[in-house]
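[1] Would you be able to build a 3D model of this:
(chains A, B, C and D)
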There are 2 protein chains.
Amino acid sequence: MTDTKNQSQSYHHGNLTRVLIDTALEIISEQGTKDLSLRKIAKRAGVSHAAPYRHFKDKNAILGAVARQGFDMMLRQTEKRIAKSKGNELDHFAISGLSYINFAVNYPAHYRVMFGTRAENSYFSDELKPESIPVFKLLRDIIMVCQEKGLLKTGDPQEMALAAWSIVHGFAMLRIDHHLPDQGMDEKKLRELQRSVVLTLYSGLRPE
Amino acid sequence: MTDTKNQSQSYHHGNLTRVLIDTALEIISEQGTKDLSLRKIAKRAGVSHAAPYRHFKDKNAILGAVARQGFDMMLRQTEKRIAKSKGNELDHFAISGLSYINFAVNYPAHYRVMFGTRAENSYFSDELKPESIPVFKLLRDIIMVCQEKGLLKTGDPQEMALAAWSIVHGFAMLRIDHHLPDQGMDEKKLRELQRSVVLTLYSGLRPE
DNA sequence: AAAATAATGTTGACAGTGTAAACATTATTT
DNA sequence: AAATAATGTTTACACTGTCAACATTATTTT
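    Predicted coordinates for the structure are as follows:
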């Protein structure tokens, strides 16, 4: 038993699993999802091009790991923002949406892997189904609390969560894929826009 | 000058350009965007693997043509639905959004090509910039008319169009990429959900 | 009509891809 | 110390996008 407090030095390479995921993310961030190749990952990690197969079933399995890590990060960031806020539950609702978009904007590569096409990307296991992802449970819970306090209108919370989710996902996607009209929009203007869009539409969920 | 009423029989093959686009769409519909290869297209079109290069600069150019055709279809379908409706302008607004989602659901492969990642897919020319796409002009115009008649609240129509767009794009994307919680949702339930989500959120755009 | 040219299609090549099999090495267990 | 499992490498294969060289056919020019 050697070095239990730090298992970064295991077997031959030194837990390649972790390194491969991180390297994949690096490359995705630099060159996009499309140019990600197993061989590039392996080369940058300093191993032969077939080494990753001892740690992942195939290329998709690495992307799955990246997606899982992304959902983790998203959850932590959202929880942190909510904890820092001094507002009421309705504010938490707004924060969760804005935080969601912020994550997408800050980690677009990550986000795209997380929300790729299920049918085309076999890395989407059951574990990555929306129902079982903590961030969405969080969103739904917030909505339920708001409903109890009369801050949001009544209705199926699952459905309302879905509505809220549609907005932020839609805006985030349009934003990171550069499908927004960009006539003289700097960073600041975009953030205002984002805030305005989300709040406007969320107001459709308020009590009559 | 031969056969002016039908130019399907030109040069060697018979306007390959058109055939290649259609074949690309066929394959995308059957096997997804990810498995689309130039060589498959060429083979199915009955030409050699390099023939497409006489008609398109590269693979992305074909996807660009597919995207353009998609925007055309989307526009025509939306206009048709609006023309058929007997409601007022506010109804037209709702219809445009629902029609948008319907297009995405009916032609998911097409839709994904139309809204791929700009940075990663070089087929996005200026011509495909959102500002210059007729469907979005249509949406904005409808909003402006609604505002004049007091059916929607005041505010920058471009921004409101963007808000409306975010919802439908978000819902459409989640739907076609199968990121919706699917606990016992059949086709009918999904359409209700879709209607409910859009109308609920659009109500955030109504006058105070 | 014949010759020249442009348009279109084919073949062969190249580097890059994912993945599997055979082999090599090192750590762990017996 | 021997046996075994875990990990890494090499080689190979079929497939990809793209280019260059060549072949054929249509169009234009003479």
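
[2] from here on, contacts and neighbour counts on C-alpha atoms
    OK.

[3] need the helices for chain A, in chain order.
    Counting by DSSP state H, chain A has helices at residues A:16-31, A:38-45, A:59-84, A:89-106, A:108-114, A:134-148, A:157-176, A:187-202.

[4] Columns mean pLDDT on top of those, output as CSV?
    Formatted as CSV, those follow (pLDDT from 0 to 100):
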stretch, mean pLDDT
helix A:16-31, 94
helix A:38-45, 97
helix A:59-84, 96
helix A:89-106, 96
helix A:108-114, 92
helix A:134-148, 96
helix A:157-176, 95
helix A:187-202, 94
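
[5] Kindly state the domain boundaries assigned to chain A.
    A:1-56, A:66-205 (automatic domain parsing).

[6] can you redo these as TSV with distance to DNA strand C?
    Formatted as TSV, the domains of chain A follow (distance: least, Cα to the nearest atom of the strand, whole Å):
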stretch	distance to DNA strand C
domain A:1-56	3
domain A:66-205	10
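
[7] Just the buried residues of stretch A:13-33, please?
    Neighbour-count burial for stretch A:13-33 flags A:16, A:19-28, A:32-33 (criterion: 16 or more other Cα atoms under 10 Å in any protein chain shown).

[8] And stretch A:140-151, by the same measure?
    In terms of neighbour count (16+ other Cα under 10 Å), stretch A:140-151 has its buried residues at A:140-147, A:151.

[9] what do you get for stretch A:166-174?
    Using 16+ other Cα under 10 Å as the test for burial, stretch A:166-174 gives A:166-174.

[10] With stretch A:55-68 instead?
    Using 16+ other Cα under 10 Å as the test for burial, stretch A:55-68 gives A:56, A:59, A:61-68.

[11] With stretch A:193-208 instead?
    Buried-residue list, stretch A:193-208, by 16+ other Cα under 10 Å: A:193-195, A:197-206.

[12] do stretch A:153-161 as well
    A:153-154, A:157-161.

[13] of the buried residues of stretch A:193-208, closest to DNA strand D?
    Nearest to DNA strand D, judged by Cα to the nearest atom of the strand, of the buried residues of stretch A:193-208 is residue A:194 at 34.9 Å.

[14] Quick check, pLDDT for residue A:47.
    Each residue has a pLDDT score; the one for residue A:47 is 95.

[15] residues touching the residue of chain A found nearest chain B, list them.
    Nearest to chain B, among the residues of chain A, is residue A:170, at 3.3 Å (Cα to the nearest Cα). Residue A:170 makes contacts with B:165-171, B:173, as judged by Cα atoms under 8 Å, 6 or more residues apart in numbering or on different chains.

[16] how about the residues of chain A near chain B?
    By Cα under 8 Å from any Cα of the partner chain, the part of chain A that sits against chain B consists of A:32-34, A:115-120, A:129-131, A:159-160, A:162-163, A:165-171, A:173-174, A:176-181, A:193, A:197-198, A:200-205.

[17] for DNA strand D, what are the nearby residues on chain A?
    A:11-16, A:46-52, A:54-55 (Cα under 7 Å from any atom of the strand).

[18] how about those residues, which pair is most distant?
    A:11 and A:49 (18.0 Å; Cα to Cα).

[19] and those two? which has more neighbours close in?
    Neighbours were tallied for residue A:11 and for residue A:49 using other Cα atoms under 10 Å in any protein chain shown; the higher tally belongs to residue A:49 (16 against 9).

[20] And the pLDDT for residue A:33?
    If you check residue A:33, the pLDDT there is 88.

[21] Name the nearest residue to it, sequence neighbours excluded.
    Among residues not flanking residue A:33 along the chain, residue A:109 sits closest, at 6.6 Å (Cα to Cα, 6 or more residues apart in numbering or on different chains).

[22] give me the number of residues near that neighbour?
    Neighbourhood size, residue A:109 [other Cα under 10 Å]: 23.

[23] what's the distance between it and residue A:36?
    Distance check for residue A:109 against residue A:36: by Cα to Cα, to the nearest Å, it reads 11 Å.

[24] Give me the common contacts of those two.
    By Cα under 8 Å, 6+ apart, the residues touching both residue A:109 and residue A:36 are residue A:28.

[25] before we move on, back to that, tell me which of the buried residues of stretch A:193-208 is nearest to residue B:99?
    residue A:201 (19.3 Å).

[26] what's the closest non-adjacent residue to that closest one?
    residue B:204 (4.8 Å).

[27] close enough to count as contact, that neighbour and residue A:204?
    Yes - Residue B:204 is within contact range of residue A:204, at 3.8 Å (criterion: Cα atoms under 8 Å).

[28] Run through the residues that contact the residue nearest to residue A:201.
    A:200-205.

[29] Please name the nearest non-neighbouring residue to residue A:92.
    residue A:82 (5.8 Å).

[30] and the one you found, what does it touch?
    Neighbour list for residue A:82: A:92, A:95-96 [criterion: Cα under 8 Å, 6+ apart].

[31] Nearest to residue B:124, out of the residues of chain A next to DNA strand D: which one, please.
    In terms of Cα to Cα, no member of these lies closer to residue B:124 than residue A:49, at 32.8 Å.

[32] ok, and the closest non-adjacent residue to residue A:154?
    residue A:147 (6.1 Å).

[33] repeat for residue A:99
    residue A:78 (5.8 Å).

[34] Ok, residue A:113 next?
    residue A:67 (5.8 Å).

[35] residues in contact with that neighbour?
    Counting by Cα under 8 Å, 6+ apart, residue A:67 touches A:110-111, A:113-114.

[36] how does it look with 10 Å?
    Residues in contact with residue A:67 (Cα atoms under 10 Å, 6 or more residues apart in numbering or on different chains) are A:61, A:73, A:109-116, A:123-124, A:128.

[37] Quick check: it vs residue A:121, distance?
    For residue A:67, the distance to residue A:121 - Cα to Cα - is 11 Å.

[38] Quick check: neighbours shared by these two?
    By Cα under 10 Å, 6+ apart, the residues touching both residue A:67 and residue A:121 are A:61, A:113, A:115.

[39] so the last one touches residue B:174, yeah?
    Yes - under the criterion of Cα atoms under 10 Å, residue A:115 makes contact with residue B:174 at 8.3 Å.
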